[in-house]
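J.: Just need the structure, nothing else, for what follows:
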Amino acid sequence: MTCPLCTAPDTPLIETPVPGGPEGASVHICTLCADEIASAAPAPDHFRVLASTMWSEDPAIQVLAARILARLETDWARDLADQLYLDDETRAWADNVPQDSAHRDSNGQPLSQGDTVVLIKDLPVKGAGFTAKRGTAVHKISLVQDNPAHIEGRVEGQRIVILTAFVKRR
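T.: Got it, this is the predicted structure:
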């Protein structure tokens with residue numbers, strides 16, 4: 001498949017959440033783009049192709065392009081960001097960059113809405129009558145806003161509250 005951000009041909013794509021907008025919004029991009037987005041200082045040369053891909057019809061791609069251009073500290077990136085037209089709803093999504101939460105996994109890594117975590121310990125689930133086994137992946141977690149030690153997720157079809165001390169981010 002071709003990466004919709006960098007147009008790298010014949011590369012495996014991974015699902016990457018695009019937070020701050022519609023629930024569950026995500027795009028499938030190459031691992032190199034995902035790594036560059038996650039890095040503190042993305043490589044400007046990797047994203048020069050945004051001059052054409054920022055015009056994608058997929059709003060999630062437009063949001064990623066706008067956010068990347070805003071982070072790049074080059075003249076060409078500022079020029080492209082000025083040229084990029086987004087409708088009001090998409091612009092609000094692009095500007096709604098989620099703040100780093102106080103939620104941290106057992107290794108101290110920050111957790112975000114929609115992340116996937118893995119249980120690091122068998123956890124008896126009170127009231128449900130089962131034990132969530134170590135190694136179980138919990139997809140699309142929700143953060144408990146008033147308690148940074150708690151997250152919510154679905155295990156064996158049940159929505160449960162999980163202590164962040166018993167998970168690690170995947």
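
J.: ok, the residue located most distally from the centre of the chain to Gly135 distance?
T.: Most distant residue from the mean C-alpha position of the chain: Gly129, 32.4 Å away (Cα atoms, centre = their mean). Distance, Gly129 to Gly135, using Cβ to Cβ, to the nearest Å: 20 Å. Backbone N, C-alpha and C define where each C-beta goes, glycine included.

J.: How about Glu23?
T.: Note on Glu23: its distance to Gly135, by Cβ to Cβ, is 27 Å.

J.: hmm, back to that, please name the residues that touch the residue farthest from the centre of the chain.
T.: For Gly129, the contact set (Cβ atoms under 8 Å, 6 or more residues apart in numbering) is empty.

J.: Buried residues, the biggest helix by length in the chain. List them.
T.: In the chain, with assignment by DSSP state H, the single longest helix is helix 59-71. For helix 59-71, a neighbour-count test (16 or more other Cβ atoms under 10 Å) marks 59-69, 71 as buried.

J.: Likewise for stretch 40-58?
T.: Buried, per 16+ other Cβ under 10 Å, within stretch 40-58: 42, 44, 46-47, 50-51, 53-54, 56.

J.: got the CA positions of stretch 10-24 in CSV?
T.: Presented in CSV, the C-alpha positions along stretch 10-24 are these (Å, rounded to 0.1, in the frame of the first residue of the first chain):
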residue,chain,number,x,y,z
ASP,A,10,4.6,-0.7,-1.2
THR,A,11,5.0,-0.2,2.5
PRO,A,12,3.1,-1.8,5.3
LEU,A,13,0.7,0.7,6.9
ILE,A,14,-0.3,0.9,10.6
GLU,A,15,-3.4,2.4,12.1
THR,A,16,-2.6,5.7,13.8
PRO,A,17,-5.2,7.6,15.9
VAL,A,18,-5.8,11.3,15.1
PRO,A,19,-6.9,12.6,18.5
GLY,A,20,-8.9,15.8,19.2
GLY,A,21,-11.7,15.2,16.7
PRO,A,22,-14.3,12.6,16.0
GLU,A,23,-14.3,9.5,18.3
GLY,A,24,-12.1,6.8,16.9
